[in-house]
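Undergrad: sequence unavailable; structure follows:
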């Protein structure tokens, strides 16, 4: 996301708690985030599998994927993206 400019930062409110006499700085709660739709990012499903020569319906081994991720060009891009997607949970 990047850094936020100090002029855009929400102002803090300093309060004094009754159970703890120290000053506490409170910030406003953040807004709602958009749900990430990663399905639009996958332009050519099965292209990595085809490039690597893996059989359809079988998983690509993690070692092969890691080796391909170091490769330059489209193969490396697709492998790195596959590693990223591997960390996402299904059903959430």
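TA: Okay, I see it. These numbers were taken from a predicted model, which means no experiment stands behind them.

Undergrad: now the helices for the protein?
TA: 47-52, 62-69, 73-86 (DSSP state H).

Undergrad: possible to save these as TSV with distance to residue 14 and mean neighbour count?
TA: C-beta coordinates here come from the backbone N, C-alpha and C atoms, glycine included. Below are the helices of the chain laid out as TSV (distance: least, Cβ to Cβ, whole Å; neighbours: other Cβ atoms under 10 Å):
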stretch	distance to residue 14	mean neighbour count
helix 47-52	53	15
helix 62-69	48	14
helix 73-86	41	14
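
Undergrad: let me know which of those is the nearest to residue 37.
TA: Nearest to residue 37 among the helices of the chain is helix 73-86; the distance by Cβ to Cβ comes to 13.0 Å.

Undergrad: could you give the average pLDDT over that closest one?
TA: Average pLDDT, helix 73-86: 91.

Undergrad: between that helix and helix 62-69, how many degrees?
TA: 130 degrees (axes from the mean of the first three to the mean of the last three Cα atoms, to 10 degrees).

Undergrad: not counting its own residues, what contacts helix 73-86?
TA: Surrounding helix 73-86, the residues in contact under the criterion Cβ atoms under 8 Å, 6 or more residues apart in numbering are 38, 41, 47-48, 51-52, 60, 65-66, 68-71.

Undergrad: try 7 Å
TA: With Cβ atoms under 7 Å, 6 or more residues apart in numbering as the contact definition, helix 73-86 has outside contacts at 38, 47, 48, 51, 65, 68, 69, 70, 71.

Undergrad: surely residue 52 touches residue 69?
TA: No: using Cβ atoms under 7 Å, residue 52 and residue 69 do not qualify as a contacting pair, with a distance of 11.3 Å.

Undergrad: dump the helices of the chain to TSV, plus distance to residue 20.
TA: Converted to TSV, these look like this (distance: least, Cβ to Cβ, whole Å):
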stretch	distance to residue 20
helix 47-52	54
helix 62-69	48
helix 73-86	42
